[in-house]
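Asks: Output the structure for:
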Amino acid sequence: MKKIIFIHVFVMCLLLNAQQVQSGDFFFDKSTPNYTLDKNQGMRIVEREVNFPKPFETKPYVVVTPTVIDAEKTTQIRYSIEAKGVSRDGFVVKIATWGDTRLNGIGGFWIASAEKLEIKKEQIKVGRTFQLNNVYFEFNKWSLLPESFEELNKVVQFLKENPKVEIELSGHTDNIGSDKYNLELSQKRAESCKEYLVKMRITSNRIIPKGYGKNKPIAPNATDAGREQNRRVEFTILKN
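Replies: Coordinates of the predicted model:
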């Protein structure tokens, strides 16, 4: 015997200010390759890659929401759902279940939104923080990847147009690894970003690099998606 659960979801206000928005749906069942969610032993996981119809200009934020679940009648339905490996081209939908839960199928939709790094005059205030969505490093290293240059060039342009502004350039990590390692890694990544800005003729004393390690998360570290959001670079206006 099985039961079908419909989940009604209302997405409000989250995307009102987004400059790029795309959406789509998904469905997993026994026709999905390597589908194991209908089993009842241990943790089961199924993943599927989703490609955006059109690449984003900046790395988007993705919300994945289930709307219907076809499950065997059991004592309790246990599952998790998340978007991981988000890039400008797509992401991976990951669904997991455990215990005696048996899912014959699960479906829903996703919404991806992104804003360009655009700083308006009225936003240039001491203490204002801007997140850089497209700064990338080699895995577990601090060497900048070429994909980062376009985003950092926007910071260069901003600083050239506002010659009195001084900033703190901050690096952040997830909670994987020791506190010491994460602090060192985030500090070196912030310094790598500063080196690039200085190379582009921004005066060194206008930029203070600071690594915070895992100490300032913006999302839970319990999921891949949350950890991915926490691995980031930001800058904060110190003087204008």
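Asks: Help me confirm that V50 comes into contact with V92.
Replies: Yes - assessed by C-beta atoms under 8 Å, V50 is found in contact with V92 at 7.1 Å. All C-beta spots, glycine's among them, are computed from the backbone N, C-alpha and C.
Asks: Go ahead and confirm N230 touches N215.
Replies: No - in this structure, N230 is not within contact of N215 by C-beta under 8 Å, at 10.2 Å.
Asks: Which residue of these two possesses the greater neighbour count?
Replies: N230 (19 against 13; other C-beta atoms under 10 Å).
Asks: what's the model's confidence in the longest helix seen in the chain, averaged?
Replies: The longest helix of the chain (DSSP state H) is helix 179-199. Helix 179-199 shows a mean pLDDT of 96 in the predicted model.
Asks: Count the neighbours of P33 for me.
Replies: 7.
Asks: can you give me the strands for this protein?
Replies: Along the chain, the segments classed as strands by DSSP state E run 2-6, 20-29, 44-51, 61-72, 79-84, 90-97, 103-114, 129-132, 166-172, 207-211, 232-239.
Asks: Any idea which of these gets closest to K180?
Replies: For the strands of the chain, the distance to K180 is smallest for strand 207-211, at 11.0 Å, taking C-beta to C-beta.
Asks: what's the average pLDDT for that closest one?
Replies: Strand 207-211 shows a mean pLDDT of 97.
Asks: Just want the angle from it to strand 166-172.
Replies: 20 degrees (axes from the mean of the first three to the mean of the last three C-alpha atoms, to 10 degrees).
Asks: For strand 207-211, what is the distance to the chain centroid?
Replies: In terms of C-alpha atoms, centre = their mean, to the nearest Å, the centre of strand 207-211 is found 22 Å from the chain centre.
Asks: Who does that strand pair with, and is each partner parallel or antiparallel?
Replies: When pairs are called by DSSP bridges, strand 207-211 turns out to pair with strand 166-172 (parallel).
Asks: Buried residues, the strand it pairs with. List them.
Replies: For strand 166-172, the neighbour count (16 or more other C-beta atoms under 10 Å) marks 166-167, 169-172 as buried.
Asks: With stretch 197-208 instead?
Replies: Using 16+ other C-beta under 10 Å as the test for burial, stretch 197-208 gives 197, 202, 206-208.
Asks: CA atoms only for it, dumped as PDB, please.
Replies: Output of stretch 197-208 as PDB, limited to C-alpha atoms (Å, rounded to 0.1, in the frame of the first residue of the first chain):
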ATOM      1  CA  LEU A 197      43.500  44.100  -6.800                       C
ATOM      2  CA  VAL A 198      47.000  45.600  -6.200                       C
ATOM      3  CA  LYS A 199      48.200  44.100  -9.400                       C
ATOM      4  CA  MET A 200      45.300  46.100 -11.100                       C
ATOM      5  CA  ARG A 201      46.800  49.300  -9.600                       C
ATOM      6  CA  ILE A 202      44.700  49.600  -6.400                       C
ATOM      7  CA  THR A 203      46.800  51.100  -3.600                       C
ATOM      8  CA  SER A 204      47.700  48.400  -1.100                       C
ATOM      9  CA  ASN A 205      46.800  50.400   2.000                       C
ATOM     10  CA  ARG A 206      43.200  50.700   0.900                       C
ATOM     11  CA  ILE A 207      42.700  47.000   1.400                       C
ATOM     12  CA  ILE A 208      42.900  44.900   4.600                       C
END
